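Participant: Sequence first, then the predicted structure, then my questions.
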Amino acid sequence: MNKIFRAAKEIFIGAPTAFDLPKPLIGRDRVERKYSVQRKILDTILKNKRISFEKYMSMALYSRNHGDYDAGYYTSGEALIGEACHFNTFPQSNSPVFGQGIAKQLNSMWEALGCPKVFHAIEMGAGNGIMARDILRYVNKEMPDFYKALKYVIIEISNPLIQRQKNSIDPMLRASVEWKNASAIKYKFKHKITGCFLSNELVDNLPVHELFGYKNEAYETYITYNGFTIEKEPVKLSSRKVIDMLKTRFSTFPVPEKIPFYVSTASIDWLKNLADNLKRGYILTIDYGTSDMTKYFYEHDTLRTYSRLVTPSHKNDPLYYIGKADITADVDFGSLVIYGRKFGLRKVGYFNQDYYFSQILSTPLIKSEMESGPYGMRVLIQAKKARLKLG
Ligand SMILES: C[S@@+](CC[C@H](N)C(=O)[O-])C[C@H]1O[C@@H](n2cnc3c(N)ncnc32)[C@H](O)[C@@H]1O
């Protein structure tokens, strides 16, 4: 462990455990075939000496099958979503009412746009496809005029999950859905769309930079290999993109000391891509996080891992179970609003998920244990060249 991390560790007493834990065995000849996304990461580190934590997270979750290498946690289909799986999500635990509420919201967006002949609902990262199924069933049954205008598109980075989504959606409704096996950060539509970009628990899965402050300097975590195992290495923060984002978003710079702090430049690239693709309409983002990360990250681990394999002692250490565990970071909604304005978007509303669903549904959500306090599930609606009356 080098000097800065040793010093940082002293500061981190009582804080996240990532620096205390033994590291996974990832030595070249110890990596088994079935864990070969580890080998891909290792080979990339050996080639480049080190990779940023952001690159590491991206490879662990989204590497594609390539040559001898296996794919990442999502792209391999390892991600099991549901009760007694790696993790569950609200559209599934509250099916069908969650999707029905979103269907009502999409219908009112369509009306607010003047009932155009074609309204695109573009869901990004659809998991098992349960929300898409519930939306389509409800619109088909209850809103025949809107159903005629609705074009449902799913942008999904994982091929195995696309297969699961196809199996979830009734064959009659499936025929009207179009899938794009692509990243929502980059996907470009041939023609700009009128409608709504929609996501539930997508943004928390976009890769993040890990930063921390030490003696008034900002450092970024890189991942290196010590001949036996991978480990974290602090490198003076030099990424222009990250520095610009910190300056735009937070008044405190360099980053605060004591606890790792996560910055998602990928979420800004994602938002810019949506704003560029949207002619007129909305971006509806549902996720966990907060509007003021500067206070929140002192109180909570804002990066977490989920897997059936993860034992309590390795919980929330992203260097374990590579390709076998989810890595997720709370969403900084404040930055989505600030950058949204730069990209021509207007904030229409920002709500607690509970409050939001009680407004659009007559029944509240059944399971909503993450609702209380200054953090939890949030709904952000942004608009481009469109008005929307809520409630
Ligand atoms: C935590 S799951 C949420 C699934 C679903 N929305 C739900 O709430 O049950 C994240 C989903 O986003 C997908 N995903 C992650 N990054 C993506 C990207 N850049 N573009 C498109 N899909 C992505 C994953 O494959 C997965 O389907």
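Facilitator: Arrived safely. Residues are numbered from 1 along each chain as shown.
Participant: count of neighbours near Thr265?
Facilitator: Per other Cβ atoms under 10 Å, the neighbour tally for Thr265 reads 18. C-beta here means a position set from N, CA and C on the backbone, and glycine is covered the same way.
Participant: go on, Lys241?
Facilitator: Using other Cβ under 10 Å as the criterion, Lys241 is surrounded by 13 other residues.
Participant: which residues sit in contact with the nearest residue to it once chain neighbours are set aside?
Facilitator: The shortest distance from Lys241 to any residue that is not its chain neighbour, by Cβ to Cβ, 6 or more residues apart in numbering, is 4.9 Å, and that residue is Thr265. Listed by Cβ atoms under 8 Å, 6 or more residues apart in numbering, the contact partners of Thr265 are Glu54, His209, Ser239, Lys241, Val242, Met245.
Participant: just Glu123 next, same as before
Facilitator: Contacts for Glu123 (Cβ under 8 Å, 6+ apart) come out as Met131, Ala132, Tyr152, Val153, Ile154, Ile155, Leu198, Ser199.
Participant: got it, and Leu336?
Facilitator: Under the criterion of Cβ under 8 Å, 6+ apart, the contact list for Leu336 reads Val203, Ser267, Ile268, Leu271, Thr285, Leu380, Gln382.
Participant: Tally up the residues packed near Pro225, please.
Facilitator: Quick fix: residue 225 reads Tyr, not Pro. Neighbour number of Tyr225 under other Cβ under 10 Å is 20.
Participant: just the one 4 residues further on next, same as before
Facilitator: A total of 15 residues lie near Thr229 under the criterion other Cβ under 10 Å.
Participant: quick one: contacts for Ala121?
Facilitator: Ala121 makes contacts with Leu106, Ile135, Leu150, Lys151, Tyr152, Val153, Gly195, Cys196, Leu198, as judged by Cβ under 8 Å, 6+ apart.
Participant: is the closest residue to the first one other than its chain neighbours in a bridge, and if so with what?
Facilitator: Here the nearest residue to Leu106 in space, its sequence neighbours aside, is Ala121; by Cβ to Cβ, 6+ apart that works out to 5.5 Å. With DSSP bridges applied, Ala121 shows beta-bridge pairing to Tyr152, Cys196.
Participant: so which of the contacts of Glu123 are also by the ligand?
Facilitator: Near the ligand, judged by Cβ under 6 Å from any ligand atom, the entries from the contacts of Glu123 are Ile155.
Participant: Which members of the contacts of Glu123 occur in helices, if any?
Facilitator: By the criterion of DSSP state H, membership of the contacts of Glu123 in helices covers Met131, Ala132.
Participant: nearest to the ligand, of the contacts of Glu123?
Facilitator: Proximity of these to the ligand was ranked by Cβ to the nearest ligand atom; the top entry is Ile155 with 5.1 Å.
Participant: Touching, that closest one and Ala182? I think so.
Facilitator: Yes: using Cβ atoms under 8 Å, Ile155 and Ala182 qualify as a contacting pair, with a distance of 5.7 Å.
Participant: more neighbours, these two?
Facilitator: Taking neighbours as other Cβ under 10 Å, Ile155 and Ala182 compare with Ile155 leading, 23 against 13.
Participant: Count the neighbours of Asn226 for me.
Facilitator: 11.
Participant: Make JSON lines out of the contacts of Glu123 and add pLDDT.
Facilitator: Shown next, in JSON lines, are those (pLDDT from 0 to 100):
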{"residue": "Met131", "pLDDT": "98"}
{"residue": "Ala132", "pLDDT": "98"}
{"residue": "Tyr152", "pLDDT": "98"}
{"residue": "Val153", "pLDDT": "98"}
{"residue": "Ile154", "pLDDT": "98"}
{"residue": "Ile155", "pLDDT": "98"}
{"residue": "Leu198", "pLDDT": "98"}
{"residue": "Ser199", "pLDDT": "98"}
